[in-house]
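Enquirer: following is a predicted model, sequence given first.
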Amino acid sequence: MPMKRKNALANIDIEERGEKYPEVAKILEQVYDRKKWRSRGTALDTLVGTILSQNTTDKNSGRAFQNLKDTYEDYHEVMQAPEQEVIEVVRVAGLANQKGPRIQRALHTVLEQEGELNLDFLEEMSADEAREWLVAIKGIGLKTASIVVCFGFNGDCFPVDTHVNRVSQRIGFTPEGTTPDKAHYIMEEIVPPKDYFAFHIQMIQHGRALCKARSPKCEDCPLSHLCDYDQGTGDYA
């Protein structure tokens, strides 16, 4: 077991915290349906798109990604373009001064390490190995790496963003104050791998619709009878 996973799971009673999972999963599937994984481009597309999606809306990151595709013939051109030019192309995604160089740096790293701009080789690795390879790229964190593995080729990673981390703590899957990085490993023990993709999407939908950071709509929540937060056992953020 990788040390990061071992440390994250220390003193965590997975069996107890996972007792609610079957009922929670059943309810969320009834409310939000079950999204099936399908390929939406290459794993490299997923990496670039995820970098663009950080701290912005899906609409704006989507526009920025399309701008890249419309402006450059391929990722080689993106990588070789003047840095300021790429920054302007992705400006609509926000934080362009960070995201433009981060994309180019990631592309350079992939090419240097593998000799081509392609991440298909990650599918032959274990999920943990693929994720570790990705986080070795400067500027790529655990969430981005997990999204690439999960969304890029339906690999066994459970991504944790702010919505997932908040809902997980409120329900009681993870302890209050758990960092997103630690939550990745805890949730991967609680959620069956076959459900990673669908349950991740459902938790995001629930976080956006009802389990909001401020003024959560507990009175309308179908999980209220299962939720530590609504039952008053803690003051979760």
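Expert: Everything's here; your move. Numbers count the residues shown, from 1 in each chain.
Enquirer: stretch 173-187 - what's its average pLDDT?
Expert: For stretch 173-187, the mean pLDDT works out to 96.
Enquirer: list the contacts of P222.
Expert: I27, Q30, V31 (C-beta atoms under 8 Å, 6 or more residues apart in numbering). Where you see a C-beta, it was placed from the backbone N, CA and C, and this is true even at glycine.
Enquirer: show me what contacts E19?
Expert: With contacts defined as C-beta under 8 Å, 6+ apart, E19 has no neighbours.
Enquirer: using the record's domain definitions, break this protein down for me.
Expert: The chain breaks down by automatic domain parsing into domains covering 3-36+158-226, 43-153.
Enquirer: now the longest helix seen in the chain: average pLDDT?
Expert: Assignment by DSSP state H gives helix 96-114 as the longest helix of the chain. Confidence for helix 96-114, expressed as mean pLDDT, is 97.
Enquirer: CA atoms of that helix as CSV?
Expert: Taking Å, rounded to 0.1, in the frame of the first residue of the first chain, the C-alpha atoms of helix 96-114 are listed here in CSV:
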residue,chain,number,x,y,z
ALA,A,96,-4.7,32.3,-17.4
ASN,A,97,-1.3,33.4,-16.3
GLN,A,98,-1.1,30.2,-14.3
LYS,A,99,-3.1,27.9,-16.5
GLY,A,100,-1.4,28.7,-19.8
PRO,A,101,2.2,28.0,-18.6
ARG,A,102,0.9,25.0,-16.6
ILE,A,103,-0.5,23.4,-19.7
GLN,A,104,2.7,24.0,-21.7
ARG,A,105,4.8,22.6,-18.9
ALA,A,106,2.7,19.5,-18.6
LEU,A,107,2.9,18.9,-22.4
HIS,A,108,6.7,19.4,-22.3
THR,A,109,7.0,16.9,-19.4
VAL,A,110,4.9,14.2,-21.2
LEU,A,111,7.0,14.6,-24.4
GLU,A,112,10.2,14.5,-22.5
GLN,A,113,9.2,11.4,-20.4
GLU,A,114,7.5,9.4,-23.2
